[in-house]
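> Return atomic coordinates for the entry below.
(one chain, ligands or ions: 1)
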Amino acid sequence: MTAIAISEPGGPRVLKPVERPVPRPGEGEILIQVKAAGVNRPDVAQRQGLYPPPPGASELPGLEVSGVVAACGANVRRWQVGDEVTALVPGGGYAQYCLTHETNALPIPHGFTFTEAAGIPENYFTVWHNVFERGALKDGETFLVHGGSSGIGTTAIQLGKAFGARVFTTAGSDEKCHACRELGADRAINYKTEDFVEVIKTETDGRGADVILDMVGGDYVNRNYSAAALDGRIVQIAFLGGATAEVNFSKLMVKRLTHTGSTLRPRSTAFKGRIATELEAHVWPLLAARKIAPVMDMIYPLTEAWRAHEHMEESNHIGKIVLDVA
Ligand SMILES: NC(=O)c1ccc[n+]([C@@H]2O[C@H](COP(=O)([O-])OP(=O)(O)OC[C@H]3O[C@@H](n4cnc5c(N)ncnc54)[C@H](OP(=O)(O)O)[C@@H]3O)[C@@H](O)[C@H]2O)c1
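Numbers count the residues shown, from 1 in each chain. So this is what the prediction gives:
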């Protein structure tokens with residue numbers, strides 16, 4: 001099969017097409033003939049040598065795919081050869097075939113194309129766990145999403161609105177802010193021209209945000225503490241602005257804040273299977289009804305994965321970048 005390998009840590013051009021044997025499914029695993037593969041910022045970090053695959057995972061990049069079940073390992077219960085699935089994969093998604101545990105695959109939501117479906121798993125698994133489980137976002141609460149135009153951000157805005165939150169978001173241009181409002185954000189803050197702490201304070205009559213989803217870190221940590229409401233929950237999923245910060249903990253204490261975080265990839269197959277079950281019950285019906293959908297930015301052929309990474313690193317995209325593998 002053709003796959004994309006990281007020839008050495010570095011820039012987008014280190015992503016090189018290679019020929020590899022088709023992997024064989026082990027117990028509980030399915031082999032997927034990949035039709036499309038989602039591109040995610042963690043793939044960029046992996047390519048740069050900053051985010052090594054967890055033990056046992058393929059060293060090939062790619063965390064999510066859509067495609068057709070091509071073979072089933074022993075004791076696979078749910079799937080049969082020919083089923084169309086969208087799946088979170090432990091690695092190796094940038095390839096014509098890849099493996100995942102059967103519980104980490106879901107049916108393609110009714111009416112979705114393979115390219116759309118490939119853009120679902122990584123963002124939806126991440127947002128569901130971090131916003132609704134760790135952050136415990138509830139109907140009627142105020143939710144601040146940083147990086148609103150990212151794959152993660154566009155998902156968080158839509159899910160936040162679908163579950164009854166008042167959604168604020170930050171993004172780096174007026175065009176991105178416009179797109180976030182179109183997705184349902186009540187207020188999009190261009191962080192280059194406005195101070196998100198001031199906007200949140202003004203628009204919530206000084207109350208602040210109940211849940212903040214943050215991928216920036218750095219100097220946002222103190223500012224998130226300022227923008228948070230009493231008993232607010234701040235969930236850290238990345239630190240694009242820096243992994244270290246000097247923090248004034250007095251606000252955390254006085255406001256009784258919870259600052260937590262998580263990273264999806266190293267979690268167990270069983271954990272991911274549990275999230276898949278939750279998503280199928282609570283989110284798949286919203287997708288099937290087209291109340292929410294991944295926002296598609298650009299599609300590149302598999303062999304031009306380097307261009308997809310270059311595009312992602314330019315940071316002008318809105319929503320998902322996907323590789324067409326068919
Ligand atoms: N913890 C987890 O389990 C998990 C899982 C998946 C993804 N993630 C993380 O979530 C983040 C979003 O992922 P994604 O795939 O949705 O990425 P993406 O689509 O590439 O979006 C990242 C966005 O972040 C914004 N940004 C803010 N500060 C930035 C900075 N210093 N450098 C670069 N971009 C900056 C950019 O938009 P602006 O123009 O608005 O600045 C950019 O478009 C990534 O950091 C990723 O690693 C975490």
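
> ok, now which ones touch the residue nearest the centre of the chain?
Among the residues of the chain, the one closest to the centroid is Asn123, at 2.4 Å (Cα atoms, centre = their mean). Contacts for Asn123 (Cβ atoms under 8 Å, 6 or more residues apart in numbering) come out as 40, 151-152, 154-155, 294, 320. To be clear about C-beta, it is placed using only N, CA and C from the backbone, and glycine gets the same treatment.

> now, the most widely separated pair of those?
Asn40 and Thr154 (12.8 Å; Cβ to Cβ).

> who has more neighbours, those two?
Thr154 (32 against 27; other Cβ atoms under 10 Å).

> Report the secondary structure element holding that one.
helix 151-162 (DSSP states H and E).

> Next one: that helix, is it in contact with the ligand?
Yes - for helix 151-162 and the ligand, the contact criterion (Cβ under 6 Å from any ligand atom) is met by 151-152.

> hey, C-alpha coordinates of that helix in CSV?
What follows is helix 151-162, C-alpha atoms only, in CSV (Å, rounded to 0.1, in the frame of the first residue of the first chain):
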residue,chain,number,x,y,z
GLY,A,151,-10.9,22.0,13.7
ILE,A,152,-11.3,21.7,17.4
GLY,A,153,-12.8,25.2,17.8
THR,A,154,-15.4,24.9,15.0
THR,A,155,-16.5,21.6,16.7
ALA,A,156,-16.6,23.1,20.2
ILE,A,157,-18.7,26.1,19.0
GLN,A,158,-21.3,23.9,17.3
LEU,A,159,-21.5,21.4,20.2
GLY,A,160,-21.6,24.2,22.8
LYS,A,161,-24.6,25.8,21.0
ALA,A,162,-26.3,22.4,20.3
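
> and the closest residue to Gln158 other than its chain neighbours, how many neighbours does it have?
Nearest non-adjacent residue to Gln158, counting by Cβ to Cβ, 6 or more residues apart in numbering: Ile292, 4.2 Å away. Other residues within reach of Ile292, judged by other Cβ under 10 Å, total 21.

> Next one: Ile292 relative to the ligand, how far apart?
16 Å (Cβ to the nearest ligand atom, to the nearest Å).

> tell me the contacts of that residue?
158-159, 162, 283, 286.

> can you do 10 Å?
The neighbours of Ile292, taking Cβ atoms under 10 Å, 6 or more residues apart in numbering as the test, are 109, 120, 124, 154-155, 157-159, 161-162, 183-184, 283, 286.

> Take the contacts of Asn123 and write them to a markdown table, including pLDDT.
A markdown table is the format used below for the contacts of Asn123 (pLDDT from 0 to 100):
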| residue | pLDDT |
| --- | --- |
| Asn40 | 98 |
| Gly151 | 97 |
| Ile152 | 98 |
| Thr154 | 98 |
| Thr155 | 98 |
| Pro294 | 97 |
| Lys320 | 98 |
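
> Nearest to Arg77 among the residues you listed?
Distance to Arg77, by Cβ to Cβ, is smallest for Pro294 among these, at 27.8 Å.

> Mind pulling up the pLDDT for the nearest residue to that closest one once chain neighbours are set aside?
What sits nearest to Pro294 in space, not counting adjacent residues and going by Cβ to Cβ, 6+ apart, is Gly119, at 3.8 Å. Listed pLDDT for Gly119 reads 98.

> any idea how far the ligand is from Gly119?
Counting by Cβ to the nearest ligand atom, the gap from Gly119 to the ligand is 10 Å.

> In this structure that residue contacts Gly93, no?
No - between Gly119 and Gly93 there is no contact under Cβ atoms under 10 Å: 11.7 Å.

> Give me the longest strand you can find in the chain.
strand 29-39 (DSSP state E).

> circling back: what subset of the contacts of Asn123 is buried?
40, 151-152, 154-155, 294, 320 (16 or more other Cβ atoms under 10 Å).

> Closest to Arg134 out of those residues?
For the buried ones among the contacts of Asn123, the nearest to Arg134 is Ile152 (14.0 Å; Cβ to Cβ).

> ok, and the closest non-adjacent residue to that closest one?
Leaving aside its chain neighbours, Ile152 sits nearest to Asn123 (5.3 Å; criterion: Cβ to Cβ, 6+ apart).

> Help me confirm that that neighbour is found in a strand?
No - judged by DSSP: H, G, I helix; E, B strand; the rest coil, Asn123 forms no part of a strand; its state is helix.

> Turn the contacts of Ile292 into CSV, including distance to Ile234.
Output for those, formatted as CSV (distance: Cβ to Cβ, whole Å):
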residue, distance to Ile234
Pro109, 31
Ile120, 25
Tyr124, 21
Thr154, 20
Thr155, 18
Ile157, 17
Gln158, 21
Leu159, 18
Lys161, 20
Ala162, 22
Leu183, 22
Gly184, 22
Val283, 23
Leu286, 26
